[in-house]
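Visitor: quick one, what's the 3D model for this:
(chains A and B, ligands or ions: 2)
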Number of protein chains: 2
Amino acid sequence: MEKLKKFQIKFLPLEKVVEVSENIDILKAAIKARINLRNSCGGKGLCGKCKVRVISGKYKTRSTFNLKPQEIKQGYVLACQTYPLTDLVVEVLPQSLEVRPQIARAGLGVIGEDLLKEESPAERIYPLKPIIGVEHLRLKEPDLENNLPDVERIQLASGREFIIPLKILERLPYVLRESKWDVNLTWYIPRNYVLDISPASSKNGNFALACDLGTTTVVLHLLDLSGGKVINTKAEYNRQIMVAEDVISRIILAEEEGGLQELKVLALETINELIVKICEDTDISFREITAILIAGNTTMLHLVLGIPPDFIRRYPYTPVFKSELLVPAQEVGININPQGLVLTMPGIRSFVGSDIVAGILASGMDRADEVSLFVDLGTNGEVVLGNREWMISCSTSAGPCFEGGGLTSGVRAMAGAIQKITIVEDKLNFTTISGEKPIGICGTGIVELIAELFVNRVIDKSGNFIPGSSQRIRENEYGELEFVVVDKNESGSGSDIVITQSDVKNLIYSKAAIYLGIEVLLQKMGLDVQDVRNIYIAGGLGTYLDIEKSIIIGLFPDVDRGRFKFLGNTSIQGARLYLCSQSARQRAGEISDMVTNLELSNVPEFLNNYSSALFLPHTDIDKFPSVKEKLK
Amino acid sequence: MEKLKKFQIKFLPLEKVVEVSENIDILKAAIKARINLRNSCGGKGLCGKCKVRVISGKYKTRSTFNLKPQEIKQGYVLACQTYPLTDLVVEVLPQSLEVRPQIARAGLGVIGEDLLKEESPAERIYPLKPIIGVEHLRLKEPDLENNLPDVERIQLASGREFIIPLKILERLPYVLRESKWDVNLTWYIPRNYVLDISPASSKNGNFALACDLGTTTVVLHLLDLSGGKVINTKAEYNRQIMVAEDVISRIILAEEEGGLQELKVLALETINELIVKICEDTDISFREITAILIAGNTTMLHLVLGIPPDFIRRYPYTPVFKSELLVPAQEVGININPQGLVLTMPGIRSFVGSDIVAGILASGMDRADEVSLFVDLGTNGEVVLGNREWMISCSTSAGPCFEGGGLTSGVRAMAGAIQKITIVEDKLNFTTISGEKPIGICGTGIVELIAELFVNRVIDKSGNFIPGSSQRIRENEYGELEFVVVDKNESGSGSDIVITQSDVKNLIYSKAAIYLGIEVLLQKMGLDVQDVRNIYIAGGLGTYLDIEKSIIIGLFPDVDRGRFKFLGNTSIQGARLYLCSQSARQRAGEISDMVTNLELSNVPEFLNNYSSALFLPHTDIDKFPSVKEKLK
Ligand code: FES
Ligand code: FES
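Guide: Ligands and ions are numbered 1, 2, ... in the order given. All right, here's what the predicted structure looks like:
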């Protein structure tokens, strides 16, 4: 085997230098150098966000999509499509950088307050029968006639054959005798795995954590399993954002030496800090928490356990695991009771994870006779179609638009994010989250903005700005048209809040991906959209999304509005059900095995139909009769 | 609660000082100071071995059994019966010290060569069906139609739901792909617990270790489970001897701060060094060994896992566990495959451990219609009576005589140990193990010596030396009668090899304990000794024991010699069966639950009959008709 050549790449103006092999593209090199280069399309050469300029050195480039001839002449390249042939010096443009420090500082006020209390449709279906049990055992004190060993004494009293970890055995004889043979035994019921044995007098509760480990946001719910109640909730940005923005960048980083460990530690730090806050808030000791159930996309579950995610992003996209894992908390490094357990919620495939199983479970669509659709508007844009008898899923790679990512002025759903917009005669009205000064546009705001621009004929059905249609249109310093939403004098960030021509195109790519995901699943099952009884929308943005405007841009099919149900964060809802009900846990396992996942790259219809969906709302306007009516 | 007073105790001539509470006896203080004070009776004030002299300070003493009035006047005390009232200075007599360094150096040549190859009666009963399985899996390479996760792919191919530890998942995706989806999976079958997944091309074998973790000796057998063959055997003294001689001393030491950890580490060092030797000998890598099954007495199993044995020696003698534990080897600290398992063989009670379950299993007595007796001549002197339908056991606290411990010139069965003795007209003939110069008398030699002294009327039936009966009787420097076996000029150790009056008494205590154990079990079941079809004798010394002479001294009942069967080290034999046969493993679990253990301290007959057994062979000579005949 020939050895790969190595080259040094220096990034300006940050002066960061990395050494990489000739087969590593500049995007990966930047990630290795911990530079948050934008890459909305995940390095596929489609979004143009990773544009950089090579100042010196030789390179080869596979695609110049979206670059102007003049830019190409000046050395501009798509980082994800460009490989070094010599050492390089590369200039990173400010607009190509994801700027995240302020987010990490900002915290998650809104999500923390509003979205975390939702009940899911399935909440009342499953009986409260937690998967962690606490049994009060009054043991018979041993005597010469009955000097069974401690372990066997417990098993006899409880009628179960337990697995008791060594660390608990090390203390067991003292606990039994100091408590005068009166103890509470806490165990993970499905596997008879003992989590704690402590004196009955210490009156420990039965607490467990449900965790939604999102790419962007980590949400923790502390549950009192004895009553199935949420005691406390906390949410925070996932610290992994600081080193890599999205799932694909994180997988690439995990493949670097030490990268997986770094990402694991960042996820653990995020979770552990939330646990500290929850314990401070509630006066519950971390020792009283004997389990944490983690739901999240497949990559996140791999990362937090330190299991290599490499093959998730490689053909044919096989993760290492999808079913429930159980690992001692101490082995993982999560600071609950040291003898406690980390459980993972079962998922489906590489890009349809346990957050989607949780969502299906929470929606209850898996128990209905009628057919439902479930849409999660995250980066992957997962879509599930089905009922109690069958289910089919796909992941659409919608990109981060709906989470406020990948856009010039996009922000997440945080204080100051513009979420509602109307335009009447070139006059723009908006409201922000928490009513603060605007700092950017979040996912729901973007959908409203595009719909308003379209209805007001500021953009045409291809998404192109119509010259002269608005005073707010201007050409920016890169020669691109953009629409000014808020002037820098009025913004909370000190910069203009704008939407550029390519932002519009990006959003159209995203909405088209979701729409086509829905359409392909329906086609596959020979169903019409009218056959679908419920359309469940999940995701942090879901609750605020304007359904009318979503249909105007062609994100969702044009059906009876009453069929749409916004569920909020179904990942945490499903995780709660899993902890609180043994039958919900069992059902989650069945869902995990029952859902057929369609790899869209394997579906020619998807690619064929793609271009026809790249219009507002669609090439075939007859698919959107109510929009057609409105545009008359 | 009043605080206990603390006193300093200084031991001469070793100049070791310890601080202890007023409720700690001098024996425990010595153990705490790491002084190997003899204590054959386990601190019960019976053996007189722990005699020390208090040079200054005040004390109270509970018993002066075996001390002469003159000694008492000089400050001699039984350390185990004496408590400080002030700081003390204590002189340790050379003969009260267990001298072990030469043993640790000597190694275990003989046992290694001869005793380890025995087959047990049950060897052919149980089909070869190892508890560790290796399955060759040729997995289907994933494609877009079938991109099941790695774990699910394996489970589907094997048809089993495995528990796969995190450390294996961390490497799994690479192993599968580098091996081109052609792997061997090694797992612990009874719990579907995966121990290793490696490329099929690496051709790892299916190796496991059987370990007899004895108080004195640790024996390891490396098994190739695929053929059920022993590949290599190694044995060594248990390094715990260096800090505490017997089970009771070790429990006492374990209760001291850091003591349990120290004992654990010493056991692990012993085992790990043997593993290194086995690997060197066989060229098998420690990574290829995926399990170690440990059989041993209950205390040893607690110590090696770091589980507190405190309550084993306290009324009502309850251990922490008796059933099979399974602990990751890395968590225990045993150097086999890091993802391998440590398994403990199930035992019965505090003083009837898994070595006895192994012995029952190996003897096959649990499958026979006829009633058998099983006798293990170790320190506890365990006795089991029963058949396929019922079994009853007891532990007799016989003391270490039969292992060469607790006697002035006692040594273990090692090169130079006198093992056969005849006396004809005051002429003494002996043979030593390996034919080397004599260094002491091992257990079998002691039995022969006492029988010969008795038959030659050098001692009477109470065990007292008969004055003038032999030229070899003399008074030693402590004023005690002793019989010189070998003069120091002819010995390999440079010292006289002798047996003292109290050595004889000690042996009589020991043989009486065993004999009474047998008698009590028979009485309990309403059986006569003639109803017993087989008498299985186990223990390292067993193979060489002269049955005729054992009956002469009243160790065993006087029945047809053909009923005695010497089985050797049944602990390791049973451990091998357990590893090689799933049905043997299951049977061991059943035996563990089926045997009723009798605590002799709960049986008045035992204590009542004790004094009548303290004769050679017995007060009631009619119980020993063949001996009666011989003595005529
Ligand atoms: S074009 Fe390079 S990341 Fe999208
Ligand atoms: S008399 Fe003290 S240990 Fe035996």
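Visitor: and the residue of the stretch 51-200 of chain A nearest ligand 2?
Guide: Residue nearest to ligand 2 within the stretch 51-200 of chain A (CB to the nearest ligand atom): A:L144, separated by 23.3 Å. In this view, the C-beta of every residue, glycine as well, is placed from N, C-alpha and C.
Visitor: oh, that last question was meant for the stretch 351-500 of chain A, not what I typed.
Guide: A:S354 (62.1 Å).
Visitor: and that residue, how many neighbours does it have?
Guide: Residues lying near A:S354 (other CB atoms under 10 Å in any protein chain shown) number 33.
Visitor: correct me, but it touches A:H302?
Guide: No. If you go by CB atoms under 8 Å, A:S354 and A:H302 don't touch, sitting 11.3 Å apart.
Visitor: how about the residues of the stretch 201-350 of chain A by chain B?
Guide: Proximity of the stretch 201-350 of chain A to chain B (CB under 8 Å from any CB of the partner chain) is limited to residues A:305-308, A:310-311, A:315-323, A:325, A:327, A:331-332, A:349-350.
Visitor: now the strands for the stretch 1-150 of chain A?
Guide: For the stretch 1-150 of chain A, the strands defined by DSSP state E, counting those that start in this stretch occupy A:6-12, A:16-21, A:51-56, A:59-61, A:76-78, A:82-84, A:88-92, A:132-138.
Visitor: okay, now the domains of chain A?
Guide: As recorded under automatic domain parsing, the domains making up chain A are A:6-97, A:132-202, A:206-344, A:364-400+A:507-631, A:411-496.
Visitor: okay, helices next: where are they in the stretch 501-632 of chain A?
Guide: A:501-524, A:547-552, A:570-580, A:582-594, A:604-613, A:625-631 (DSSP state H, counting those that start in this stretch).
Visitor: need the winner for burial among those.
Guide: helix A:570-580 (a mean of 29; mean count of other CB atoms under 10 Å in any protein chain shown).
Visitor: got the angle between that helix and strand A:132-138?
Guide: Orientation of helix A:570-580 against strand A:132-138 (axes from the mean of the first three to the mean of the last three CA atoms, to 10 degrees) gives an angle of 20 degrees.
Visitor: does the residue of the stretch 301-450 of chain A found nearest ligand 1 belong to a helix, a strand or coil?
Guide: Closest residue of the stretch 301-450 of chain A to ligand 1, CB to the nearest ligand atom: A:G406 (8.8 Å). The three-state label for A:G406, taken from DSSP: H, G, I helix; E, B strand; the rest coil, comes out as coil.
Visitor: can you get me a residue count around it?
Guide: 26.
Visitor: need the pLDDT of it.
Guide: A:G406 carries a pLDDT value of 76.
Visitor: next one: the one 4 residues further on
Guide: We note a pLDDT of 84 for A:G410 in this prediction.
Visitor: skip the chain neighbours and tell me the closest residue to it.
Guide: Nearest residue to A:G410 in three dimensions, chain neighbours excluded: A:G404, at 4.2 Å (CB to CB, 6 or more residues apart in numbering or on different chains).
Visitor: ok, that neighbour touching A:G443?
Guide: Yes. Counting by CB under 8 Å, A:G404 does reach A:G443; the two are 5.2 Å apart.
Visitor: so which of those two has more stuff around it?
Guide: Using other CB under 10 Å as the criterion, A:G404 and A:G443 rank with A:G443 on top: 30 against 27.
Visitor: residues in contact with that one?
Guide: By CB atoms under 8 Å, 6 or more residues apart in numbering or on different chains, the contact set of A:G443 is A:L377, A:C401, A:F402, A:E403, A:G404, A:G410, A:A413, A:L541, A:L545.
Visitor: let's see that with 7 Å instead.
Guide: A:G443 sits next to A:C401, A:F402, A:E403, A:G404, A:A413, A:L541 when contact means CB atoms under 7 Å, 6 or more residues apart in numbering or on different chains.
Visitor: same thing with A:I168?
Guide: A:V194, A:I197, A:Q339.
Visitor: one more time with 8 Å
Guide: Going by CB under 8 Å, 6+ apart, A:I168 touches A:V194, A:D196, A:I197, A:Q339.
Visitor: then A:N192?
Guide: Taking CB under 8 Å, 6+ apart as the contact definition, A:N192 lies against A:R160, A:E161, A:F162, A:I163.
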